[in-house]
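Asker: no FASTA, just this:
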């Protein structure tokens, strides 16, 4: 298989893939291409959707075609191949996100501590020690998948989802973490709660994380969480 | 032009406010939402003579009843073969009606179709989110779900009684049994005969049908091996296949990314005709090339444009219509008899 690979999706999508398995290098290329497409003026381009190993270009089939679009983005794709892990060729933002780990907000912390053979405090220390990366959005509005959790914290999804998990919950599963934006069911482990709004309908921008940004969790006491202070 | 108000008396599940949908936020996990049947939605606005679409109420088979409270406003009912009743008088098919205080309008499922649109000669004063009033079902963000007791205001309401009456439903509005698909992006991950099976077998629409998608019943589509793919972007019309081999066609409120393989994508020209199917209906799939799909998108845009123009044309009064028929018959008669 040679990369990049172009796949036509229906009559209005072109999927551009840099790999078929997750890697930091493939993701760096996706982000590099996304940034370039964001600055480009390509006729018929409607929107771009970056993911883990590929990026979807959505286009208006009344203006362009898969073939014309592929030709129009060719140079940008070639340039993006130069991006490598840790160097996407563009500045990124680090978000410091306050999280309260009090027991009533962190119902799965004891089980995760047991599964990881650590104390609860050690889980929190490990989770807040190193920044993780915004890999992509998906599943629901504002659900930004954060990836790169330390291997010591990798736990599988729970066997059954829990309903009505409040928005602002910090969830983990495998190498991923997420701050929820809606009250929804989840099968991921609930480790804490934050007032940080990834999706802020009143805010500008309304989505505060860009794919490729980094996130650093910070443990805060109840009072600071209740005050709802934004970072 | 005045302000008008109405109160929702009853609303079934999945009755929502929808405009044409939102663009540009798939990258933030936000699907386009908007009408399930984009043509029926556009037709309801065309029946009011409008060039552009505003916010309408999308009515599910659960139905809608409303009481007009204040002001006068002309409304149009289009999309599917629903039944509407105004003050006890039944109207079949697509209709334009003028509502005044005390009017009760009900819309219920009719002979065919799953979604119907109630459009207003005026602007619904409803919440917007990310630049659109389209409702995203799971979050309720956007204009929102329609609920009993809710009062909705129409600004700039107009009475257009000259447009009142029943309209013929154009053939392009009807459901299509054979849906054209572009294979992929993961057709290569399925058993060698899976694509052939998808193109030859009949699949039934199940009652697991909502704004997110339509689960189908039919021969399962086997994956070559239990590969899971890295989660990737999804478009409306994707046919996603879960581990059990059951296909689901993703619709207006689809998740924006997912890790299930997708065997094919229904072309956008066939999504509106697909949406008007009901549980138990048979569907078939026909593979087409991406080039053919591009061409179909353009052909469908021309065909819908022509159909909407016809609906938008001023409605002739009964006298005008009789006069025109007499004139036409007169000319014909003249031709036949000769000098």
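Answerer: Looks like it came in fine. In this text the structure is predicted, and so the values were computed from the model without any measurement.
Asker: how about low-confidence regions in the chain?
Answerer: In the absence of a named chain, this looks at chain A. By pLDDT under 70, the low-scoring segments of chain A are A:1, A:86-90, A:229-231.
Asker: actually chain B
Answerer: In chain B (pLDDT under 70), the answer is B:1, B:226-227, B:317-339.
Asker: Just the helices from it, written as ranges.
Answerer: Using DSSP state H, the helices of chain B run over residues B:38-47, B:194-200, B:271-275, B:290-312, B:318-337.
Asker: And for the second one, what's in contact with it?
Answerer: Spelled out, it's helix B:194-200. Contact partners of helix B:194-200, identified using Cβ atoms under 8 Å, 6 or more residues apart in numbering or on different chains, comprise B:181, B:183, B:187, B:219, B:221-222, B:239, B:247, B:263-264, B:284-287. (Glycine included, C-beta is placed from N, CA and C.)
Asker: Farthest-apart pair in these, please.
Answerer: B:222 and B:286 (20.9 Å; Cβ to Cβ).
Asker: re earlier: among the contacts of helix B:194-200, which ones are buried?
Answerer: Buried subset of the contacts of helix B:194-200 (neighbour count, 16 or more other Cβ atoms under 10 Å in any protein chain shown): B:181, B:183, B:187, B:221, B:239, B:247, B:263-264, B:285, B:287.
Asker: Save the residues you listed as CSV, and put in distance to residue B:59 too.
Answerer: As requested, those are exported to CSV (distance: Cβ to Cβ, whole Å):
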residue, distance to residue B:59
B:181, 28
B:183, 35
B:187, 36
B:221, 33
B:239, 27
B:247, 27
B:263, 32
B:264, 30
B:285, 28
B:287, 34
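Asker: got CSV for those residues, with distance to chain A too?
Answerer: Conversion of the buried ones among the contacts of helix B:194-200 to CSV gives the following (distance: Cβ to the nearest Cβ, whole Å):
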residue, distance to chain A
B:181, 8
B:183, 9
B:187, 10
B:221, 18
B:239, 10
B:247, 15
B:263, 12
B:264, 9
B:285, 13
B:287, 12
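Asker: Quick check: the residue of chain A nearest chain B.
Answerer: Of all residues in chain A, the one sitting closest to chain B is residue A:138 (3.1 Å; Cβ to the nearest Cβ).
Asker: I figured that residue hits residue B:231, correct?
Answerer: Yes. In this structure, residue A:138 is within contact of residue B:231 by Cβ atoms under 8 Å, at 6.0 Å.
Asker: Quick check: the closest residue to residue B:315 other than its chain neighbours vs chain A, distance?
Answerer: Leaving aside its sequence neighbours, residue B:315 sits nearest to residue B:163 (Cβ to Cβ, 6 or more residues apart in numbering or on different chains; 5.2 Å). Separation of residue B:163 from chain A (Cβ to the nearest Cβ, to the nearest Å): 29 Å.
Asker: so residue A:18 sits right up against residue A:31, yeah?
Answerer: No. Using Cβ under 8 Å, residue A:18 makes no contact with residue A:31, being 10.4 Å away.
Asker: Leaving out chain neighbours, which residue sits closest to the closest residue to chain A within chain B?
Answerer: Proximity of chain B to chain A (Cβ to the nearest Cβ) peaks at residue B:257, 3.1 Å away. In this structure, residue B:257 finds its nearest non-sequential neighbour in residue A:138, 3.1 Å apart by Cβ to Cβ, 6+ apart.
Asker: just residue B:255 next, same as before
Answerer: residue A:139 (5.7 Å).
Asker: Next, count neighbours for the one you found.
Answerer: 21 (other Cβ atoms under 10 Å in any protein chain shown).
Asker: again with the one 4 residues further on
Answerer: Using other Cβ under 10 Å, the number of residues around residue A:143 comes to 24.
Asker: before we move on, what about residue A:161?
Answerer: Using other Cβ under 10 Å, residue A:161 is surrounded by 12 other residues.
Asker: doesn't residue A:186 make contact with it?
Answerer: Yes. In terms of Cβ under 8 Å, residue A:161 counts as a neighbour of residue A:186; the distance is 5.8 Å.
Asker: dump the residue contacts of the residue nearest the centre of chain A.
Answerer: In chain A, the C-alpha nearest the mean C-alpha coordinate belongs to residue A:145, at 2.9 Å (Cα atoms, centre = their mean). Residues counted as contacts of residue A:145 (Cβ under 8 Å, 6+ apart) are A:134-139, A:176, A:178, B:231.
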